[in-house]
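Novice: just a sequence and a predicted model for now, questions to come.
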Amino acid sequence: MRFTVTDLLNKKQQKQKITMLTAYDYPFAHLVDEAGIDMILVGDSLSMVVQGNDTTLPVTMKEMIYHTKIVARSTKRAMIVADMPFMSYQIRVDKAVENAGRLIKEAGAHAVKIEGGREILQHVKAITEAEIPVVGHIGLTPQAVLRMGGYKLQGKTDEQANRIKDDALILQEAGAIAVVLEVIPSKLAKEITETLQIPTIGIGAGPYCDGQVLVIHDLLGLFEKFTPKFVKKYANIRGDILQALKQYKEEVERGEFPDKEHSF
Ligand code: KIV
C-alpha cells in the first residue's frame, strides 16, 4: 500500500515522525522504498549530485520527468514527490499547473514540491484546485541562491523569522499538504511546527519538525564537493566504491581477474 496524504496527516496528529529521502534512479529508489522510508523526493538537487552542476538551476522539466518516471516505477510503498524545477512555475500560474500535471500524469509522481512563500500563493492554490497535492518549501530555497548570495542560514532576524512564519501559514491556507523547512533555526522550526496543522519536514531545521529529509548522496557519503553542517553521514559509500575500483584496476593489471571462478 502506498503512503498517502491521509497517512502523512495522520502521522502528524499521532506525533509519529515522517521520513523522507531523495532518490533519482532505480538502485537508490528501490533501496529507500525497501527501507520503509515514507516519502521519496525526486529533488532538483539531482542537478548537483547527479548531473554535477554547481546549483539546482539548470535541471529541466524533461530531466525531472525522466528521473521521476524511474523512481515511480522502482517503488511500491513510498509517496513520490517530484520537485518543480526552476522556471517551470515562476512565470505563470497556468504554466505551473500544466507542469505539475506533467509530473503526475507523465512521470507518475503523487505530489509536487515548489519553493517559495507568498509569491507562489496563487500557484499553490491553482495546482491544489487541479487535485494535485503540493508540498511547500521555505527558509533556504536553493533556487533563490543567486538572490540569497549563497546557501546561508535563513530567518536569523525577527523580521526574517516572522516572514517565514507567515509564509508557512500562507502555504497551509493555499492548500499545501506539508512544508519543507530548510536551514532555519531550530526554535523557529519548532514554532512553525506547533502552529501548523500540516506537517513540517526539516532539513537543517533541527529536531522539532514533524519529519526529516536529507539528500541521499549526502547521507551515504557519496557527494564530495561540500558537506553542510546539518548532514550526518551514515556511511562512506564513496570510499568503499573507490577502494573497489582500485582493487579491480590492480587485479586486472596483475592478471588476477578474471580467475578460474569467474571464467567459463
Ligand atoms: O532538491 C532537494 O533535494 C530538496 C531537499 C534539499 C529538500 O529540495
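Specialist: Structure's in. What do you need? Numbers count the residues shown, from 1 in each chain.

Novice: what's near enough to touch the residue in the chain that the ligand sits nearest to?
Specialist: The nearest approach of the chain to the ligand comes at Gly43, 2.4 Å away (CB to the nearest ligand atom). (C-beta placed from N, C-alpha, C; glycine too.) Counting by CB atoms under 8 Å, 6 or more residues apart in numbering, Gly43 touches Thr22, Tyr24, Thr56, Asp83, Lys113, Val215.

Novice: let me see the contact set for the nearest residue to the fourth one once chain neighbours are set aside.
Specialist: Read that as Asp83. Of all residues not flanking Asp83 in the chain, Asp44 sits nearest, at 4.2 Å (CB to CB, 6 or more residues apart in numbering). Listed by CB under 8 Å, 6+ apart, the contact partners of Asp44 are Thr56, Val59, Met64, Asp83, Met84, Pro85, Phe86, Pro142, Gln143.

Novice: out of the contacts of Gly43, who's nearest Ile192?
Specialist: Nearest to Ile192 among the contacts of Gly43 is Lys113, at 16.8 Å by CB to CB.

Novice: chain neighbours aside, what residue packs nearest to that closest one?
Specialist: Nearest to Lys113 is Val135, by CB to CB, 6+ apart, at 4.2 Å.

Novice: next, the residue of the chain closest to the ligand: phi, psi?
Specialist: The phi/psi pair for Gly43 (degrees, to the nearest 10) reads phi -80, psi 150.

Novice: how is the protein divided into domains?
Specialist: 5-233, 237-264 (automatic domain parsing).

Novice: any bit of stretch 101-112 sitting next to the ligand?
Specialist: No. Shown here: stretch 101-112 not in contact with the ligand (CB under 6 Å from any ligand atom), separated by at least 11.7 Å.

Novice: got JSON lines for the domains of the chain, with mean pLDDT too?
Specialist: As requested, the domains of the chain are arranged in JSON lines below (pLDDT from 0 to 100):
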{"stretch": "domain 5-233", "mean pLDDT": "98"}
{"stretch": "domain 237-264", "mean pLDDT": "98"}
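
Novice: pick the most deeply packed of these.
Specialist: domain 5-233 (a mean of 19; mean count of other CB atoms under 10 Å).

Novice: from Asn99, how far off is the residue of the chain closest to the ligand?
Specialist: As for Gly43, its distance to Asn99 is 16 Å (criterion: CB to CB, to the nearest Å).
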